[in-house]
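> Pasted the sequence and its predicted model underneath.
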Amino acid sequence: MATNMDGDKIDPITEKPIVSATVTSVTADSDPGALESDTAKPSRDLKQAIYAIVGGVALPCIPIIVVSAVLLYVIFKHRIVPREGWPDLYVATAKAATGNVTTLIKEIRHQGGNAAYYVEYNPSTITTIASWTGRVIPYLSSSIMALVAFFAARHIVIKSKHGDHTQLPTPEQLTLLISLLGGSGFGPLKETALYRWGRKEKLVAPLPAAFAALGVITLLGLIIPIVDTWFGVATQPVTITQLYNTSTKAYHSYGRNLDPGTTDSAICPDGPGYQAGSGSSGQSWWWPCNLFTTIPHPANIFLQGAVAVADLQLSGTTNDMLSNYTGLLSSDSTQNQTMFFYADSRSSKTLDFKAQTLGISTQCIIATTTCGYIDTNETDYQAFKCSDGFGGDVSYCYPNVWPANASESGLGGCTTGIGYATDAQLSSAAPMVNFTDADGLSETEIQGFLQQNPTYFATWGIGFPALDSRLFLNGDDQVFPNSSSQATWILNCSSTVYDVTYTYVNGALHSFNATVAEPVWGAFFSAPFTWSWLGGLMPAKLSLENAAYFAGSKASTGAEMATLWAQEYSKAALQLSVGVFQPLVNDIEQIRNSTISVARIPMVPLYLLLGFKFIYVIVVILLAIGAYCFTHPAETEVVKAQLSVQGLAAAHFDQPDLVRKNVVQEVQSRLELAKNGGSPTSDTPAGQPLKRAATEPAMGSAPAGEATEEPAKVGLMPTCAGTWKFVLLADGAWQSVKPIVQTLVLNEAKDGKFGAIGDAYAAWK
């Protein structure tokens, strides 16, 4: 064989020097630990191992923990918990039922479910904080797989020491293992799966574990950004309502009760009325406190608090207000009724409260024909008779006034009238009382008051509507009797006074509870109407006329007119007595703020995101603990470095020092030395040209061209320098591992991943 000038043998085919290495003759049963008697014990670097483990934990875990902590701090620092407030003022916000699965999925995707935190913070800032880790997690798999490499290296070392070649990887499997430990995403997973499926070859122990670890890490790296995106979509700005309790000393007074007055000016000190007497005969009667008189004579009776009455009736400046409620007023009610009650004009959406007051509900039916109204053109006799004890003339203001003859009928001068009765059938009118008998004045009898609740009465009107029957269907006989051209009607009514407790929430009536008040309240509210014909009580007379005018103008049937008149009567009864009522402190109240802008953070995506991050961190920490406790990291860290492209490059070129240095830079510089002849006498590895690894068959190996009975396996063996070296168990003997490098190093060089070194390496080889 030819030689060159240096005496090296020349390959006749490649015309390149043949570099041979000393090979130790071993058999398959040899103990790798005794291959060389002068082999030094492999070096141990616990400090470097701890750095590697801590780095593998810190790099992925610290950003996740810090960002998650910041996110939770912002959420719970600025969290607003919507208060339900007082139970009596609670408004349930029932969510409409989802109509179909598509709508439900859309709601979950865009809203993240019903459970949510409300945070007074910019939602964009919150989603930005949450997304920090989601953006970098996919790039952290390599640092985590570096921890897995400790386990893989430990496995290979143990199996190599024990000579258990059945548990060592083949060159192809070692290639896959190194790819998996590189942590480059789905590529190594796909290659490993295709290899296992295509070759039907069992993967040795490190490979399934590395495959599973990379799979879990890659899956979490995919799921976390997806959940993070969902979290960002579902976190939205909203406006919520917050409730605040106030001190009872600061409660407002939106209820109403009787004003007891002062010692010097008593108004209603004993309730709605009191017993009053007149004359030496000791005659006494019940006197309502909403009326007053200076001299016991009908001409001197007036409304108490007339200014307040005028303000309320004429829409003046006042805090008094009437509200209405329509519904079942009690458990005994069978149909909805309308009630009017005292309220306060200062009520608003910013204050929820519970208050007590009084209210009135009135019901009427048309009774023109029932009361036997008589109207003849001959006599113009305008009499009616509802019963033997209740009748009169529709031209008079009160009942049981019977003209002496027909010629006096219709001369009463009233267009409306009202009379109270003892029962709903109007069997008997209220008794008359002699108001001025003992004072030597003209004897005057007026209708007395009936202390009953409800109160029963009849009311009548003439000329409402005025000479116009077009609004009434078919010229209703109850309103225009006997085809008369003048409207004349009679209503049979009942009115009930209630003690009312109501709640007012978010600017609207929320709950309403009414109980029938004491009988005395019936006499109290009916008093102004009972004596409405008196000059001092003109507001009551006008109220009756206004009720008749409104009902007659708005109704199209007698029944509808009766309903409208009843509502107007309830309002008028409350208005005429408002002067003796005062504001009453609310039972409970709470301030409502419905303009708070917050970020709505759905709990489901939030805790899914934190949960997956927690799993990610736990997996990394467990790997680190396992690597430290079970892999002998001081020894394994040196071996772990071999399980990489850099390690294979060093093994191929028989230069272990390359493992810890910049492979691209070192390989490029040494290839230049190789091409230029190098400095073979240099004492430092960096000054030495790259050498071929031992490639000649080891003693005891099969001749070239003959197939082996089982695939070659790759292991590790200690060297004289105290390092570890890849070796190949082929044909029953250990030898250097050049063939493995062909797949990774050479392919990466060809692909240009080593830069310009790729071309140089391809030419040099």
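Thanks, I have the structure now. Numbers count the residues shown, from 1 in each chain.

> right, and Ile601 touches Val74 too?
No - using C-beta atoms under 8 Å, Ile601 makes no contact with Val74, being 9.8 Å away. C-beta: built from backbone N, CA, C; applies to glycine.

> Which one's more surrounded, these two?
Ile601 (25 against 19; other C-beta atoms under 10 Å).

> Residues in a beta bridge with the more buried one, which ones?
Applying DSSP bridges to Ile601 gives these bridge partners: Tyr117.

> Likewise for Ala343?
Met321.

> outside of the host helix or strand of Ile418, which residues touch it?
Of the helices and strands defined by DSSP states H and E, Ile418 is found in strand 416-421. Residues outside strand 416-421 that contact it (C-beta atoms under 8 Å, 6 or more residues apart in numbering): 389-390, 392, 394, 396-400, 427-430, 447, 449-450, 455-462, 464, 526, 529-530, 532, 541, 544-545, 547-548.

> starting at the chain centroid, how far to the biggest strand by length in the chain?
For the chain, the longest strand by residue count, based on DSSP state E, is strand 488-505. Relative to its parent chain, strand 488-505 has a centroid offset of 42 Å by C-alpha atoms, centre = their mean, to the nearest Å.

> So which bits of the top helix by length along the chain are buried?
Longest helix in the chain by number of residues (criterion: DSSP state H): helix 46-77. Buried residues in helix 46-77, counting neighbours by 16 or more other C-beta atoms under 10 Å, are found at 48-49, 52-53, 56-57, 59-61, 64, 67-68, 71, 74-75.

> I'd like to know which elements it is packed against.
Judged by 3 or more C-beta pairs under 8 Å, 6 or more residues apart in numbering; DSSP states H and E, helix 46-77 is in contact with strand 116-119, helix 123-136, helix 141-162, helix 603-630, helix 633-640.

> Closest one of the buried residues of helix 46-77 to Ile108?
Using C-beta to C-beta, Ile75 comes nearest to Ile108 of these, at 20.4 Å.

> you'd agree that closest one is up against Arg600?
No - Ile75 is beyond contact range of Arg600, at 11.5 Å (criterion: C-beta under 8 Å).

> what sits in contact with each of those two?
Tyr117.

> Can you give the domain ranges for this protein?
Per the record, the chain has its domains at 9-38+644-765, 44-243+592-637, 364-582, by automatic domain parsing.

> between these, which gets the lowest average pLDDT?
Per-stretch mean pLDDT for the domains of the chain is lowest at domain 9-38+644-765 (a mean of 53).

> could you dump the helices and strands packed on helix 46-77 to JSON lines with mean neighbour count and distance to Arg79?
As requested, the helices and strands packed on helix 46-77 are arranged in JSON lines below (neighbours: other C-beta atoms under 10 Å; distance: least, C-beta to C-beta, whole Å):
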{"stretch": "strand 116-119", "mean neighbour count": "20", "distance to Arg79": "5"}
{"stretch": "helix 123-136", "mean neighbour count": "17", "distance to Arg79": "11"}
{"stretch": "helix 141-162", "mean neighbour count": "23", "distance to Arg79": "33"}
{"stretch": "helix 603-630", "mean neighbour count": "18", "distance to Arg79": "12"}
{"stretch": "helix 633-640", "mean neighbour count": "23", "distance to Arg79": "43"}
